[in-house]
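In: My questions concern the predicted model and sequence given below.
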Amino acid sequence: MPSLSTIYIHLWSLLESHRPFAALVPPGNRIKLTAGKLLPFKPQKQEADFPEALLLLGDDFHDSLFTLSERYDYYLSSGFDSAADDWPEEIRQTYTLTLTHRDMRLDCCDALECQTLAALRNSGPRLGLPGVYAWGPVTGRRQYGLTSQSAGAQRMQTTFTIPIILRLSGRSLLTP
């Protein structure tokens, strides 16, 4: 089963291996929480720090435990034998990708948004990872006129929510 951090690293890999995305967002402007720094954020930002990409685990998380099983009532009434029984388990996790653009020019913002989606789309319907049942639909939200920590310029910010659905054997998730 891919861990949540494995999926996080894989999402970054998809973005960085897509040449148009990589050309639009320089390596120093990709905020990764696996890069070894506890706080990889820049305290003061300059013009060269944009566009910026920040990927986080989203707020939404769901684990079905035993409830997807057709035999859920059986598990509740009599327990289960982990050596003999198995059940489907579904885990849902969202990831949040925030793009802070250099300014509010729609052509540049649109280009980065389109290349971001293209990078993700290249992975196929299961993200190219075992255990991933599906991902998406990706939803987005734009904010205009942001100025905080952005060297005084008016900027647009795009936030994508990327839901991932894992379907796994429940027995495989038990630890001895």
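Out: Nice, thanks for sending it over. It should be emphasised that the depicted structure is a prediction, and the values quoted were computed from it without experimental measurement.
In: Please give me every residue in contact with the residue nearest to the spatial centre of the chain.
Out: When CA atoms, centre = their mean is applied to the chain, the residue found nearest the centroid is Tyr95 (2.9 Å). When contacts are counted by CB atoms under 8 Å, 6 or more residues apart in numbering, Tyr95 touches Ile7, Tyr8, Leu11, Leu55, Leu56, Leu57, Gly58, Thr161, Ile162, Ile164. All C-beta atoms are positioned from the backbone trio N, CA, C, and that covers glycine.
In: Tell me the one of those nearest Val25?
Out: Of all those, Leu55 has the smallest distance to Val25: 11.2 Å, by CB to CB.
In: Can you report how many residues neighbour the closest one?
Out: 21 (other CB atoms under 10 Å).
In: can you pull the pLDDT of the nearest residue to Leu146 once chain neighbours are set aside?
Out: Nearest in space to Leu146, with sequence neighbours left out and distances taken as CB to CB, 6 or more residues apart in numbering, is Arg155 at 4.7 Å. Turning to Arg155, the model gives it a pLDDT of 87.
In: What helices and strands are in contact with the lengthiest helix in the chain?
Out: Using DSSP state H to define each element, the chain has its longest helix at helix 106-121. Helix 106-121 makes packing contacts with helix 4-17, helix 19-24, strand 88-100, strand 155-169 when contacts are defined by 3 or more CB pairs under 8 Å, 6 or more residues apart in numbering; DSSP states H and E.
In: Would you format the ones you listed as CSV with distance to Gln46 included?
Out: CSV is the format used below for the helices and strands packed on helix 106-121 (distance: least, CB to CB, whole Å):
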stretch, distance to Gln46
helix 4-17, 22
helix 19-24, 18
strand 88-100, 13
strand 155-169, 13
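In: So which of these is nearest Arg142?
Out: Nearest of those (CB to CB): strand 155-169, 5.3 Å.
In: How about the closest one, which residues are buried there?
Out: By neighbour count on 16 or more other CB atoms under 10 Å, the buried set for strand 155-169 is 155-166, 168.
In: Go through these and name the one nearest Arg105.
Out: The closest of the buried residues of strand 155-169 to Arg105 turns out to be Met156 (CB to CB; 8.4 Å).
In: ok, now how distant is that closest one from Ile164?
Out: Counting by CB to CB, to the nearest Å, the separation of Met156 from Ile164 is 26 Å.
In: ditto for Ala22
Out: Taken as CB to CB, the span from Ala22 to Ile164 is 22 Å.
In: picking up where we left off before, now flag whichever of the contacts of Tyr95 is closest to Gly136.
Out: Looking across those and measuring by CB to CB, the closest to Gly136 is Ile162, at 7.1 Å.
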